[in-house]
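*Asks:* sequence and predicted structure are below.
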Amino acid sequence: MPITAEGHGRLAENVVHFVRLLRASGFALGPERSLDALAALEAVGPSDRTAVHAALAAVLVRDRREQPLFDQAFALFWRHPRLTQRALKRLAERAAGGGVDAPGRTPPRRLADALATGATPSDPQTREDDTTEAWSTLTWSDEERLRHQDFETMSAAELAAAHRAIARMPPPVPARPTRRLRPHRRGALPDPRASLRASLRSGAPGIELRFRQRVRRDPPLVVLCDISGSMSQYTRTFLHFLHALMQHRERVEVLLFGTRLTRVTRLLASRDVDEALAAAGRAAPDWSGGTRIGETLGAFNRQWARRLMGQGAAVVLLTDGLDRDAGAQLAQEAARLHRLARRVIWVNPLLRWSGFEARAAGVRGLLPQVDEFRPVHNLFSLEQLARALGGGHGEGERDDLRAAARRGRREALRR
């Protein structure tokens with residue numbers, strides 16, 4: 001109900017419910033935040049909706065990334081009479097169209113889950129209204145549907161299930177043979193020195209052959225993740241994938257970039273994935289900011305490439321290619337990175353749209369310098385990426401990827 005003087009009698013109880021709703025939606029709020037919210041409302045009074053919104057945001061929003069979800073929660077919880085009708089109309093239009101919502105119009109699924117669990121105002125009529133049903137958007141889900149659902153449209157529960165599925169994924173990159181050799185009883189290569197030494201020690205006639213085989217080691221993998229505002233949700237889920245990968249193999253380097261470059265490899269090595277991602281978020285002050293892909297690639301090539309790009313390292317570049325300062329520097333630095341790497345794989349969530357075209361300057365600058373161009377917007381695309389990193393895709397898929405990369409280069413050069 002709207003915040004008015006007539007509703008002041010139950011205002012304190014509803015404020016507590018509102019804080020619970022935000023906590024269920026993912027906000028890190030302790031019990032003391034309810035007292036802070038009540039104190040803020042007492043300071044501004046309940047009559048001015050704008051002042052109430054500003055006061056509650058001041059004490060309940062700790063991160064600017066939480067502000068959009070807070071605004072949605074405030075509008076739904078302290079709703080005006082027409083909001084439910086608009087929500088139902090939007091859901092009916094979406095169901096009639098049979099398609100996926102356009103970017104920026106996806107219903108707030110985490111908020112819908114929180115409302116569905118009962119974190120609603122104390123008015124019984126409010127509990128029974130159809131707003132929760134409208135915003136829950138038919139949340140049935142089985143394992144196959146979850147594999148093909150966009151991370152951006154997942155609810156909090158579905159994201160948690162996706163993260164658990166990611167943690168169960170097998171290690172995607174197998175060990176590769178190196179130049180080093182080590183003794184092995186069933187090795188394929190004879191070891192003359194070890195054979196002679198064994199013969200001299202035993203003094204027996206003849207020579208008993210000793211064998212050796214090549215040492216197998218995980219190839220280096222360098223991952224550059226875009227943490228700009230348009231990539232925030234996808235990068236957060238992709239970091240879950242990288243954390244699971246780092247628990248099974250060595251020599252994985254992870255660097256985040258927005259307007260600067262931040263190495264988070266040691267932070268992601270923590271066993272607890274939540275602690276690892278929280279530490280990585282604190283280490284990157286430019287999270288959900290702008291993007292300067294050319295500058296950050298140049299910084300990587302100057303400061304980190306010599307240290308990290310040896311022994312046939314592969315590079316995975318996670319970005320949508322939307323660079324605020326795209327220009328000649330981006331193409332030059334991408335070409336330099338391509339020369340240093342054994343393979344460059346560009347994963348881009350925008351590829352989920354069938355009508356994607358290389359129109360942005362950043363996309364045109366990057367496309368000629370990548371070996372593979374892949375989507376990364378759901379569990380299925382992560383599984384495909386894991387197989388590609390392990391060399392597990394078939395010849396047909398490999399040919400299709402090479403042809404797509406060639407077409408992208410030709411289109412970028414033509415433009």
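*Replies:* Thanks, I have it. Just so you know, these numbers come straight off a predicted model, no measurement behind them.

*Asks:* which SSE is immediately downstream of the least confident helix or strand in the chain by mean pLDDT?
*Replies:* Lowest by mean pLDDT, DSSP states H and E among the helices and strands of the chain is helix 131-136, with a mean of 39. Downstream of helix 131-136, the next assigned helix or strand under DSSP states H and E is helix 143-147.

*Asks:* ranges for the strands of the stretch 201-350 of the chain?
*Replies:* Applying DSSP state E, counting those that start in this stretch to the stretch 201-350 of the chain gives strands spanning 211-217, 221-226, 252-257, 261-263, 314-318, 343-347.

*Asks:* now the ones you listed in CSV, with mean neighbour count, distance to Pro285 and mean pLDDT?
*Replies:* Yep, even glycine has a C-beta here, placed from its N, CA and C like the rest. Listed next are these as CSV, based on neighbours: other C-beta atoms under 10 Å; distance: least, C-beta to C-beta, whole Å; pLDDT from 0 to 100:
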stretch, mean neighbour count, distance to Pro285, mean pLDDT
strand 211-217, 15, 35, 80
strand 221-226, 24, 15, 93
strand 252-257, 23, 10, 93
strand 261-263, 19, 8, 93
strand 314-318, 24, 19, 93
strand 343-347, 23, 24, 92
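
*Asks:* let me have these in TSV, adding distance to Gly298 as columns.
*Replies:* Converted to TSV, these look like this (distance: least, C-beta to C-beta, whole Å):
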stretch	distance to Gly298
strand 211-217	30
strand 221-226	12
strand 252-257	11
strand 261-263	9
strand 314-318	14
strand 343-347	16
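
*Asks:* any idea how far the closest residue to Arg336 other than its chain neighbours lies from Pro219?
*Replies:* Of all residues not flanking Arg336 in the chain, Asn301 sits nearest, at 5.2 Å (C-beta to C-beta, 6 or more residues apart in numbering). According to C-beta to C-beta, to the nearest Å, Asn301 and Pro219 sit 20 Å apart.

*Asks:* so for the residue lying closest to Arg271 once chain neighbours are set aside, what's the pLDDT?
*Replies:* Spatial nearest neighbour of Arg271, excluding adjacent residues (C-beta to C-beta, 6+ apart): Gln247 at 7.4 Å. The confidence metric pLDDT takes the value 81 at Gln247.

*Asks:* repeat that for Phe380.
*Replies:* The model's pLDDT for Phe380 equals 90.

*Asks:* residues contacting it?
*Replies:* Arg147, His148 (C-beta atoms under 8 Å, 6 or more residues apart in numbering).

*Asks:* doesn't Ala157 belong to a helix?
*Replies:* Yes. Assigned with DSSP: H, G, I helix; E, B strand; the rest coil, Ala157 falls within a helix.

*Asks:* what number of residues lie near it?
*Replies:* 15 (other C-beta atoms under 10 Å).

*Asks:* how near is it to Glu66?
*Replies:* 19 Å.

*Asks:* give me the neighbour count for Arg64.
*Replies:* Arg64 - counted by other C-beta under 10 Å - has 11 other residues nearby.

*Asks:* got the contact list for it?
*Replies:* Ser288.
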